[in-house]
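1. what would the 3D arrangement of this be:
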Amino acid sequence: MTVEHVDVLIVGAGISGIGAACHLQQNCPGKRYLILEGREALGGTWDLFRYPGIRSDSDMYTLGYAFKPWTHPKAIADAPHILDYLRETVAEHRLEPHIRYGHKVVRAQWSTPDARWDVEIEQAASGETEHISCNFLHMCSGYYNYARGYTPEFEGTERFGGQIIHPQFWPEDLDYSGKRVVVIGSGATAVTLVPALAKTAAHVTMLQRSPTYVVSRPAEDKFANKLRDLLPGKVAYFIIRWRNILFQRYIYERCLKYPREAKQRIIAMVRDEMGPDYDVDTHFTPKYYPWEQRLCLVPDGDMFKAIREGRASVVTDYIDSFTEHGLRLQSGQELEADIIVTATGLEMQFLSDVVFTIDGQVLEPHAALSYKGMMVSGVPNMALSSGYTNASWTLKCDLTCDYVCRLLNYMERHGYRTCTPVNRDTGLEVEPHMSLSSGYIQRALHKFPRQGAHAPWKLYQNYIKDIFALRFGRLQDGVMEFSR
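-> Numbers count the residues shown, from 1 in each chain. Okay, the predicted model is just below:
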């Protein structure tokens with residue numbers, strides 16, 4: 001049986017995979033590549049999630065690609081506009097012939113004698129299995145399970161007479177107009193849903209166990225829009241992008257250095273939004289410091305406005321059980337609802353739970369180390385695109401793609417067939433893959449490689465440092481091993 005072969009196989013046609021293909025075309029024009037997408041459409045996150053109001057919680061000048069300026073007036077964009085941006089990118093770079101939809105990767109087997117990956121794919125339409133081989137595998141499939149979200153076990157859900165919905169699987173025909181809606185959760189999804197639903201629902205209640213930091217930011221960047229009128233598009237985009245990168249970094253560093261002051265400042269901004277009579281201490285004052293978990297963004301203070309106007313409210317309590325008409329809380333309070341939305345989080349997974357074998361040995365990710373946040377120790381010719389937890393996802397993905405192209409060109413120039421990051425430091429101290437205390441991260445840490453206490457095994461979550469490490473750093477760093 002003849003197996004189709006390509007130089008580079010990209011897994012995922014979301015924002016990461018599309019970016020990876022554009023970088024390959026620009027920097028490695030001689031490489032043959034394919035993009036495999038398990039779903040029937042491009043866009044990843046921005047096509048999968050269909051709940052009301054879905055939007056980016058990062059500005060599009062940094063979530064967008066370095067090579068394609070964002071030109072829409074809104075800096076905080078909704079999913080339809082982000083999808084338009086991705087489709088434009090695909091059209092401009094003529095990527096469509098390289099994308100195969102309905103092709104889900106289930107297994108990847110590396111052979112050292114052949115210096116190639118054999119990738120097993122399940123076709124969605126027929127259920128049949130096929131194989132494609134490649135010299136280099138670039139995983140751009142994100143970090144969460146598309147087939148399943150996270151919902152805790154709630155007592156009495158079978159008694160509830162209304163609808164229970166997880167945002168990841170929002171029904172297209174759901175009519176919430178004039179309905180009483182309870183949104184369980186306090187993360188980015190919840191604070192997005194509440195103001196969107198409150199436009200037509202009878203009332204929306206956000207039910208949270210504990211508060212999250214919520215900050216307001218203008219949806220439109222007036223400075224950016226003005227600068228685009230004064231300067232050529234690419235020049236303006238470069239300036240705005242770097243202004244936002246440096247400002248984000250400054251705020252993050254200040255929060256880490258002065259956590260008490262940062263907490264006080266964020267809470268003071270919420271008080272300004274909600275007024276002196278609102279119980280900010282109960283509903284918007286977390287027990288932890290900023291950036292121990294991600295902050296939630298509400299453009300133009302839309303959620304605060306919905307609460308002020310009485311269209312939405314926040315209840316901070318624990319659920320005792322579902323009832324026929326809603327929820328009974330541990331305080332004894334009853335919340336009546338027609339629809340309950342469980343915005344309770346994502347189920348994280350590492351590399352889409354694809355089974356990797358290296359010369360017949362199954363890869364155990366937690367026993368491995370993360371190399372520069374984009375490769376795995378002991379795994380040859382494979383990179384993964386994964387974004388920052390404290391800045392825009394695409395910033396790190398762009399750097400990863402740069403590095404992969406540098407690596408491929410270096411190997412071609414020197415006649416190398418394989419590259420493998422190998423840890424020879426037996427005394428290296430190891431840490432969890434991510435340090436955030438968010439529940440969805442803590443539940444999944446056992447699935448991920450660990451990180452080391454120093455470079456190149458350390459995930460610094462720092463774009464400036466990563467520029468020097470990935471764009472300009474030496475490929476022959478004493479850790480990456482090349483072989484012919």
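2. helices of the stretch 151-300 of the chain, start to end?
-> Secondary structure of the stretch 151-300 of the chain by DSSP state H, counting those that start in this stretch: the helices cover 188-198, 222-230, 233-257, 259-274, 280-283.
3. would you turn these into a markdown table with mean pLDDT, mean neighbour count and distance to Cys296?
-> Quick note: C-beta positions are derived from backbone N, CA and C, even for glycine. What follows is these, written out as a markdown table (pLDDT from 0 to 100; neighbours: other CB atoms under 10 Å; distance: least, CB to CB, whole Å):
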| stretch | mean pLDDT | mean neighbour count | distance to Cys296 |
| --- | --- | --- | --- |
| helix 188-198 | 97 | 25 | 5 |
| helix 222-230 | 93 | 14 | 22 |
| helix 233-257 | 95 | 16 | 14 |
| helix 259-274 | 97 | 16 | 11 |
| helix 280-283 | 97 | 15 | 13 |
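4. for Tyr65, find the nearest of those.
-> Smallest distance to Tyr65 across the helices of the stretch 151-300 of the chain (CB to CB): 10.1 Å, for helix 233-257.
5. who's in contact with the strand ranked longest in the chain?
-> The longest strand of the chain (DSSP state E) is strand 129-139. Under the contact criterion CB atoms under 8 Å, 6 or more residues apart in numbering, strand 129-139 has outside partners 3-12, 17, 20, 34, 36, 106, 108, 114-123, 351-352, 354, 381-385, 404, 408, 417.
6. what lines up beside it in the sheet?
-> Its sheet considered, strand 129-139 pairs with strand 4-11 (parallel), strand 116-123 (antiparallel), strand 382-384 (parallel) by DSSP bridges.
7. point out where the stretch 251-400 of the chain drops to low pLDDT.
-> Nowhere does the stretch 251-400 of the chain drop to pLDDT under 70.
8. on that earlier part again, need the helices of the stretch 151-300 of the chain in JSON lines (columns: distance to Leu346).
-> Compiled in JSON lines, those are given as follows (distance: least, CB to CB, whole Å):
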{"stretch": "helix 188-198", "distance to Leu346": "9"}
{"stretch": "helix 222-230", "distance to Leu346": "30"}
{"stretch": "helix 233-257", "distance to Leu346": "22"}
{"stretch": "helix 259-274", "distance to Leu346": "24"}
{"stretch": "helix 280-283", "distance to Leu346": "24"}
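9. got the domain ranges for this structure?
-> Annotated domains of the chain cover 4-146+348-483, 151-222+266-344 [automatic domain parsing].
10. quick one, which of those is nearest to Phe247?
-> Phe247 lies closest to domain 4-146+348-483 among the domains of the chain, at 9.7 Å (CB to CB).
11. how far away from the center of its chain is the closest one?
-> Centroid separation for domain 4-146+348-483 versus its chain: 12 Å, with CA atoms, centre = their mean, to the nearest Å.
12. quick one: end-to-end distance for that domain.
-> End-to-end span of domain 4-146+348-483 (CA to CA, to the nearest Å): 24 Å.
13. check stretch 345-362 too.
-> By CA to CA, the extent of stretch 345-362 from end to end equals 29 Å.
14. can you list the residues that contact that stretch?
-> 11-12, 38, 105-112, 139, 141-145, 148-150, 168, 185, 187, 363, 365, 378-380, 382, 384, 439-441, 443-444, 447-449.
15. Ala236: which of the domains of the chain is closest?
-> Nearest to Ala236, of the domains of the chain and by CB to CB, is domain 4-146+348-483 at 7.5 Å.
16. hmm, Leu369 is touching Gln451, no?
-> Yes. Using CB atoms under 8 Å, Leu369 is in contact with Gln451, at 6.7 Å.
17. overlap in contacts, those two.
-> Residues touching both Leu369 and Gln451 (CB under 8 Å, 6+ apart) are 430, 457.
18. contacts for stretch 152-172, please.
-> Contacts of stretch 152-172 (CB under 8 Å, 6+ apart): 48-52, 146, 148-149, 151, 174, 189, 193, 319-326, 337-344, 346.
19. repeat that with 7 Å
-> Identification of contacts with stretch 152-172 by CB atoms under 7 Å, 6 or more residues apart in numbering yields 49-51, 149, 151, 174, 189, 193, 319, 321-325, 337-344.
20. again, but for stretch 9-20
-> Here stretch 9-20 has contacts from 21, 33-37, 42-45, 65, 86, 89-90, 95, 99, 105, 119, 132, 134, 137-142, 385, 393-394, 397-398, 401, using CB under 7 Å, 6+ apart.
21. CA atoms only: put whichever helix or strand comes after the longest strand of the chain into PDB for me.
-> Counting by DSSP states H and E, the next helix or strand C-terminal to strand 129-139 is strand 144-149. Only the C-alpha atoms of strand 144-149 are listed here, as PDB (Å, rounded to 0.1, in the frame of the first residue of the first chain):
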ATOM      1  CA  TYR A 144      -9.000  21.600  25.200                       C
ATOM      2  CA  ASN A 145     -11.400  18.800  24.300                       C
ATOM      3  CA  TYR A 146     -13.800  19.800  21.500                       C
ATOM      4  CA  ALA A 147     -16.000  16.800  22.200                       C
ATOM      5  CA  ARG A 148     -16.600  17.400  25.900                       C
ATOM      6  CA  GLY A 149     -16.700  20.300  28.300                       C
END
